[in-house]
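Student: Kindly generate the corresponding structure for this input.
(one chain, ligands or ions: 1)
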Amino acid sequence: MSGPRPVVLSGPSGAGKSTLMKRLMKDHEGIFGFSVSRTFVPQPVIGLNRLPMLLGATLLPVADILSSEDLEIEAMQDSIDAGEFIENAEFSGNLYGTSKAAIEDVQAKNLICILDVDIQGVKRIKETDLNPIYISIQPPSMEILEKRLRDRQTETEESLQKRLEAARIDMELSKEPGVFDIVIINDDIERAYEELKDILNEEIKKVQAAKS
Ligand SMILES: Nc1ncnc2c1ncn2[C@@H]1O[C@H](COP(=O)(O)OP(=O)(O)OP(=O)(O)O)[C@@H](O)[C@H]1O
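Tutor: Take a look at the predicted model:
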């Protein structure tokens with residue numbers, strides 16, 4: 001696939017991914033892009049008796065309306081089964097996912113696609129031919145991570161504990177050799193940002209060159 005290599009940013013919640021990403025995008029306008037997560041939200045089934053009222057004067061084939069939802073959810077499930085989605089999840093009956101095609105769309109626009117995924121997402125991406133740069137952002141310690149998450153004031157005690165538990169697992173897995181091209185310890189934000197820019201430098205330059 002032509003176009004710049006995508007970037008996978010992974011690491012525990014609270015490690016500083018959003019902080020670093022925001023800064024990167026602010027300092028490099030028109031260089032980075034995000035893939036659009038595809039979602040399918042099933043609508044409540046419309047009763048036949050309400051159809052004419054909802055359709056008003058527009059004449060639509062009734063069969064299409066009643067089956068389009070099923071067809072769409074089926075099509076997305078087929079794509080997931082065929083491995084076209086690098087991540088997907090179901091929350092209360094809704095399907096969410098990032099497809100390979102969506103990432104390739106960003107690449108085709110000469111943008112570096114940033115993917116913020118968990119360790120499971122990293123493993124899925126490894127099975128594709130996307131060839132991204134794999135970056136793990138890690139906190140200096142569990143204690144500091146906990147403090148940052150508490151100070152951020154976005155979590156309940158329950159969600160905080162869940163994030164810390166997931167962080168323990170993430171921190172262990174990120175040490176496995178060969179998983180990431182670089183593990184950045186986000187102790188000092190300035191130093192972490194410099195490390196991030198360094199590893200992306202070559203790709204950023206390619207995008208800039210292709211623009212001019
Ligand atoms: N080097 C740093 N020193 C001190 N505080 C930091 C540092 N980096 C980030 N923070 C702060 O830590 C908190 C968590 O950072 P951030 O929200 O960027 O994490 P995240 O990895 O994107 O988390 P999530 O996956 O939950 O979105 C934020 O309040 C941020 O301002």
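Student: any chance you could map the strands in the chain?
Tutor: Counting by DSSP state E, the chain has strands at residues 7-10, 32-34, 38-40, 85-91, 94-99, 112-116, 133-138, 182-185.
Student: Tally up the residues packed near the spatially closest residue to residue 124 that is not a sequence neighbour, please.
Tutor: Distances taken as Cβ to Cβ, 6 or more residues apart in numbering place residue 86 nearest to residue 124, at 5.0 Å, with adjacent residues excluded. Glycine gets a C-beta too; all of them are placed from N, C-alpha and C. By other Cβ atoms under 10 Å, the residues close to residue 86 number 26.
Student: right, and residue 86 touches residue 104 too?
Tutor: No. With contact defined as Cβ atoms under 8 Å, residue 86 does not reach residue 104; the gap is 11.1 Å.
Student: pretty sure residue 121 contacts residue 87?
Tutor: Yes. Counting by Cβ under 8 Å, residue 121 does reach residue 87; the two are 4.5 Å apart.
Student: closest one to the ligand among the strands of the chain?
Tutor: Among the strands of the chain, the nearest to the ligand by Cβ to the nearest ligand atom is strand 133-138 (6.3 Å).
Student: What angle do strand 112-116 and the closest one make with each other?
Tutor: Using axes from the mean of the first three to the mean of the last three Cα atoms, to 10 degrees, the inter-axis angle of strand 133-138 relative to strand 112-116 is 40 degrees.
Student: Enumerate every residue touching the residue nearest to residue 124.
Tutor: Contacts here follow Cβ atoms under 8 Å, 6 or more residues apart in numbering; on that basis residue 86 touches 98-100, 103, 115, 117, 121, 124-125, 128, 130.
Student: and the ligand, which of these contact it?
Tutor: Residues of the contacts of residue 86 in contact with the ligand (Cβ under 6 Å from any ligand atom): none.
Student: Quick one, which of these are buried?
Tutor: Buried by 16 or more other Cβ atoms under 10 Å: 98-100, 103, 115, 117, 121, 125, 130, out of these.
Student: which parts of stretch 27-34 are buried?
Tutor: 31-34.
Student: What about contact with the ligand: does it have any residue there?
Tutor: No. Against the ligand, stretch 27-34 shows no contacts by Cβ under 6 Å from any ligand atom, the least distance being 13.8 Å.
Student: same thing with stretch 164-175?
Tutor: No. Shown here: stretch 164-175 not in contact with the ligand (Cβ under 6 Å from any ligand atom), separated by at least 9.8 Å.
Student: Over to stretch 189-206?
Tutor: Yes. Stretch 189-206 is in contact with the ligand by Cβ under 6 Å from any ligand atom, via residue 189.
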